[in-house]
Each structure stands twice: as C-alpha cells, then as structure tokens.
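Asker: no sequence for this one, just the structure:
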C-alpha cells in the first residue's frame with residue numbers, strides 16, 4: 001500500500017515550504033497471499049507432524065490417509081510456487097515504483113529547465129530480494 005506513504009518535496013515557489021506527495025501503487029495482495037500461504041503451510045505441517053507421531057497406527061492402517069496427505073502436500077507445493085511468483089512480481093513492481101529516477105520524474109518541481117534533481121540514496125532492497133529467493 002505505497003499510496004499511504006507520504007514524503008516531503010520542496011516547493012520552489014516558497015523557499016521554506018514543502019509539499020507532501022504520496023507514492024503510487026498497492027502491491028499488498030501478492031505479499032498477503034505469500035504470507036497467508038506460509039502460515040497455512042506451517043499449520044498443516046504441525047498437524048501432519050502430530051498425525052505422524054501421535055497417531056502413527058491410524059496413519060499406517062488407513063490406506064486413504066496417506067493418499068490424502070500426498071494430495072494436500074502437492075496442492076500446497078503448487079500454491080507455494082504461485083505465491084512465490086506473485087510475490088516476486090509484486091516486489092519488482094515495488095522496486096519500480098520506489099526507484100529514485102521514477103520518483104524524480106514524478107515531481108513537478110524537477111521538471112523546470114534550470115533545475116537539477118538527484119536522489120540522495122538508493123533504497124536497499126537486499127532483504128526483500130532474499131524473501132523471494134527463499
């Protein structure tokens with residue numbers, strides 16, 4: 001939800017005045033899907049672990065239970081792949097929306113002929129990149 005993030009921009013008309021701008025974009029859906037699937041995967045893993053350890057005889061005697069376990073695991077694996085791809089695309093969109101060059105071009109104050117605008121720093125995205133690799 002980048003649209004909720006404000007940042008200050010100097011206003012050329014008044015030396016001490018600033019204008020508040022907001023970033024553009026809402027990329028929360030892929031991140032929420034990724035995290036939700038991770039939480040459900042954790043809960044399913046804990047339930048399966050209890051089933052394997054506490055009710056081992058039930059698991060080994062019933063022939064349909066291992067097949068159902070396998071099918072649920074395959075479904076979680078597929079959705080995990082989809083969620084990781086969606087989060088990777090969402091992260092790429094966040095990087096594009098917060099790239100200093102795109103923010104500078106969006107600022108009206110930087111569009112003047114004799115105005116030179118440059119970014120103070122480049123955002124660090126290392127931890128976000130690692131979240132996609134995992």
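Answerer: That came in fine, so what should we check first? Source: prediction; values computed, not measured.

Asker: how many neighbours does residue 27 have?
Answerer: 20 (other Cβ atoms under 10 Å). Heads up, the C-betas are built off the backbone N, CA and C, glycines and all.

Asker: So for the residue most central in space within the chain, what's the pLDDT?
Answerer: For the chain, residue 31 is the residue whose C-alpha lies nearest the centre (Cα atoms, centre = their mean; 3.6 Å). Looking at residue 31, its pLDDT is 85.

Asker: which element is it on?
Answerer: Taking DSSP states H and E as the definition, residue 31 sits inside helix 28-54.

Asker: now residue 20
Answerer: Here residue 20 is assigned to strand 18-22, by DSSP H and E.

Asker: Can you show me the strands along the chain?
Answerer: Per DSSP state E, the chain has strands spanning 6-10, 18-22. These are given in chain order.

Asker: follow-up on the earlier one: average pLDDT for the strand holding residue 20?
Answerer: Model confidence over strand 18-22 averages 69 on the pLDDT scale.

Asker: just for the protein, where's the confidence low?
Answerer: Flagging of the chain using pLDDT under 70 yields the residue ranges 1-4, 7-16, 19, 21-24, 106, 108-109, 120, 133-134.

Asker: repeat that with 90
Answerer: Along the chain, the parts satisfying pLDDT under 90 run over 1-32, 34-35, 51-52, 54-63, 65-66, 84, 87-134.

Asker: how many other residues sit next to residue 34?
Answerer: Per other Cβ under 10 Å, the neighbour tally for residue 34 reads 21.

Asker: Right, I'll leave it there.
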